[in-house]
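Asks: Task: produce atomic coordinates for the following.
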Amino acid sequence: MARTASVGVVTAFALVLAACGGSSSATVDTRTEPSAPAISTTAASPTSIPSPPTSMAGVGKLVVVDGRGDVVTMLPDGTERRALTDDGGTVVHRQPLWSPAGDRLAWADVAGSEFALVISDSVTAVSIPMPALPFFSMWSPDGTRIGVLHNAPGGGLDLEIVDVIEESAAVVAGGAPFYFSWRPDGTQLVSHVGAATLSILGPDGATPLGETAGNFQTPSWTPAGILHVVGGALVLQDPDGDIRRFATVTGPTTMVTSPNGGEVAIQVFGPDDPGVFAAAQSTPELPGNSVVVLDLGSGAFEVALRQTSFGFFWSPDGASLLILLSAGRDGEFEWWVWREGEIITRVAFTPTASLVTDLVPFFDQYAQAWTPWAPDSSAFAFVGTIDGVTGVWIQDLGALEPRFLTEGDWVAWSVG
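Replies: Numbers count the residues shown, from 1 in each chain. Model (predicted):
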């Protein structure tokens, strides 16, 4: 992802990748990162299982990069397959992502030494040339623009904004590492560049927002303001500079905001202490190596999991958190679903090399651009190996086991 991870996860990922027996030639990051804490393997048993959905057919659409390397869309029951490319043997198609309305897709193409961002409405496609591999892209919330990160000719990274309507692109900022978040209305974005530069980027250029920290990756622009870390605290800052402090953080921090912007899931890498939640504290200290959910309205906290995770992703309804953990055996991972204070689903799998190297170290950035969740929050999709079968799997929250969908090494679910 957006490149040179700043939190303690890559060392552990390297160990898992070695167990998976592979590496990803597409990785272009040059980030350095502190060593990861040990991963706890204490398992919690599911305490309840919701009723299964009556049907998965028609619940949004999936896009996959299939076993032939082509971009294919389909319904979640595998029907209505539509191939959008037929040259997967000669062109590399990477990370297709749905537009917010679910009516278009964007993905990166690599054809020899030529690179492009492709935008498709499933009938026609437009190819926007890029000077280097567009290794990460994110649609604006209004679907009119796409922010693209790629290597800069002189070193570092460039952020290039693609105008979907005009079918044009322009570099608007650069630096490394580079993370960004769109304003909810899509008119601006906030960037976190290097260790301590936080800026708003818009039609009139860049506006500095003051100091931020180097021990977190991706800011989050919510309806209430911009979440980031500064002065050892998680804060919410409005564009005028007013800051509300929520909690003290004692180490590298990752965070993902819920779809409606009302809650944020946070993980702080640090000592295995329980944190300090005294009511008298204006900024309680978050516990280390735990996944904590914070209500941005009330400031109340809840510990979802007292384990170090490799990533977490909110469901569209904001009620469930999909958490990725090490299974503690033979390079396996597990997906856990936390909902209403309990773990309701667990599924074990062996990850692909691309999951470990490309997506997971930068999951907090990908969580703003990509979703594995069905639009109605009833299921999630993932790529991996189970019982020797590798491809795309779907886990219904009401089912005891995942079901195999198709061969492939990438999957994303449409929002609607």
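
Asks: and G388, how many residues sit next to it?
Replies: Look at G388: counted by other C-beta atoms under 10 Å, it has 6 neighbours. All C-beta atoms are positioned from the backbone trio N, CA, C, and that covers glycine.

Asks: who touches it in this structure?
Replies: By C-beta atoms under 8 Å, 6 or more residues apart in numbering, the contact list for G388 is empty.

Asks: make it 10 Å
Replies: T350 (C-beta atoms under 10 Å, 6 or more residues apart in numbering).

Asks: Shouldn't L355 be within a helix?
Replies: Yes - according to DSSP: H, G, I helix; E, B strand; the rest coil, L355 belongs to a helix.

Asks: For it, which non-adjacent residue is spatially closest?
Replies: V383 (6.6 Å; C-beta to C-beta, 6 or more residues apart in numbering).

Asks: doesn't F404 make contact with that neighbour?
Replies: No - between V383 and F404 there is no contact under C-beta atoms under 10 Å: 11.2 Å.

Asks: and for these two, which residues touch both?
Replies: With C-beta under 10 Å, 6+ apart, V383 and F404 have common neighbours T390, G391, V392, W393.

Asks: Can you lay out these as JSON lines showing distance to R306, secondary structure and neighbour count?
Replies: What follows is the shared contacts of V383 and F404, written out as JSON lines (distance: C-beta to C-beta, whole Å; DSSP: H, G, I helix; E, B strand; the rest coil; neighbours: other C-beta atoms under 10 Å):
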{"residue": "T390", "distance to R306": "32", "secondary structure": "strand", "neighbour count": "17"}
{"residue": "G391", "distance to R306": "33", "secondary structure": "strand", "neighbour count": "19"}
{"residue": "V392", "distance to R306": "31", "secondary structure": "strand", "neighbour count": "24"}
{"residue": "W393", "distance to R306": "27", "secondary structure": "strand", "neighbour count": "23"}
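
Asks: Which one of V383 and F404 is surrounded by more residues?
Replies: V383 (23 against 14).

Asks: The more buried one: helix or strand, and which one exactly?
Replies: In this assignment (DSSP states H and E), V383 forms part of strand 379-386.

Asks: so how far is that strand off the chain centroid?
Replies: 15 Å (C-alpha atoms, centre = their mean, to the nearest Å).

Asks: correct me, but S168 touches I119?
Replies: No - counting by C-beta under 10 Å, S168 sits too far from I119 to count as a contact (11.6 Å).

Asks: Out of these two, name the residue with the larger neighbour count.
Replies: Ranked by neighbour count (other C-beta under 10 Å), S168 and I119 place I119 first, with 21 against 10.

Asks: quick one on the thing from earlier: so the residue nearest to L355 bridges to which residues?
Replies: Note on V383: beta-bridge partners by DSSP bridges are V392.

Asks: separation between it and A348?
Replies: 14 Å (C-beta to C-beta, to the nearest Å).

Asks: residues near T254, how many?
Replies: The burial count for T254: 27, using other C-beta under 10 Å.

Asks: Using the three-state scheme, assign the residue nearest to it when sequence neighbours are not counted.
Replies: Counting by C-beta to C-beta, 6+ apart, D364 is the residue found nearest to T254 once chain neighbours are left out, at 4.6 Å. When classified by three-state DSSP, D364 comes out as helix.

Asks: ok, D364 - contacts?
Replies: With C-beta under 10 Å, 6+ apart, D364 has these contacts: 1-2, 5, 7, 179, 181, 216-220, 253-257, 265-267, 311-313.

Asks: Try it again at 7 Å.
Replies: With contact set as C-beta atoms under 7 Å, 6 or more residues apart in numbering, D364 has these partners: Q217, T218, T254, M255, V256.

Asks: And the pLDDT for it?
Replies: Looking at D364, its pLDDT is 98.

Asks: and V264, what element?
Replies: V264 belongs to strand 263-268, assigned by DSSP H and E.

Asks: In terms of secondary structure, what does that strand contact?
Replies: strand 253-257, strand 291-295 (3 or more C-beta pairs under 7 Å, 6 or more residues apart in numbering; DSSP states H and E).

Asks: what's the neighbour count on A327?
Replies: Neighbours of A327 (other C-beta under 10 Å): 17.

Asks: what do you get for L236?
Replies: 18.

Asks: do the same with V123
Replies: V123: 7 neighbours (other C-beta under 10 Å).

Asks: now it: how far from N215?
Replies: On the measure of C-beta to C-beta, V123 and N215 end up 46 Å apart.

Asks: what does T390 give?
Replies: Distance from T390 to N215, by C-beta to C-beta: 36 Å.

Asks: what's downstream of whatever helix or strand V171 lives in, the next helix or strand?
Replies: For V171, the host element (DSSP H and E) is strand 168-175. Scanning forward in sequence from strand 168-175 by DSSP H and E, the next helix or strand is strand 178-182.

Asks: quick one: average pLDDT of that next one?
Replies: 98.

Asks: Stretch 387-397 too?
Replies: 97.

Asks: and what of stretch 139-147?
Replies: Rounded mean pLDDT across stretch 139-147 is 98.

Asks: hang on, the earlier thing: for L305, state which of the shared contacts of V383 and F404 is nearest.
Replies: W393 (22.1 Å; C-beta to C-beta).

Asks: quick one, what contacts the closest one?
Replies: Listed by C-beta under 7 Å, 6+ apart, the contact partners of W393 are A381, F382, G384, I386, P402, R403, F404, L405.

Asks: starting at the chain centroid, how far to the helix or strand the last one falls within?
Replies: When you say that, I think you mean L405. Take DSSP H and E as the rule and L405 turns out to sit in strand 403-406. For strand 403-406, the separation from the chain centroid amounts to 22 Å (computed by C-alpha atoms, centre = their mean).

Asks: name the helices or strands packed onto the helix or strand following that strand?
Replies: Note on strand 403-406: by DSSP H and E, the next helix or strand toward the C-terminus is strand 410-413. On a contact count with 3+ C-beta pairs under 7 Å, 6+ apart, strand 410-413 meets strand 62-65, strand 92-98, strand 379-386.

Asks: So which bits of the following helix or strand past the second one are buried?
Replies: Next along the chain after strand 92-98, taking DSSP H and E as the criterion, comes strand 105-111. For strand 105-111, the buried set under the neighbour-count rule, 16 or more other C-beta atoms under 10 Å, comprises L105, A106, W107, A108, D109, V110.
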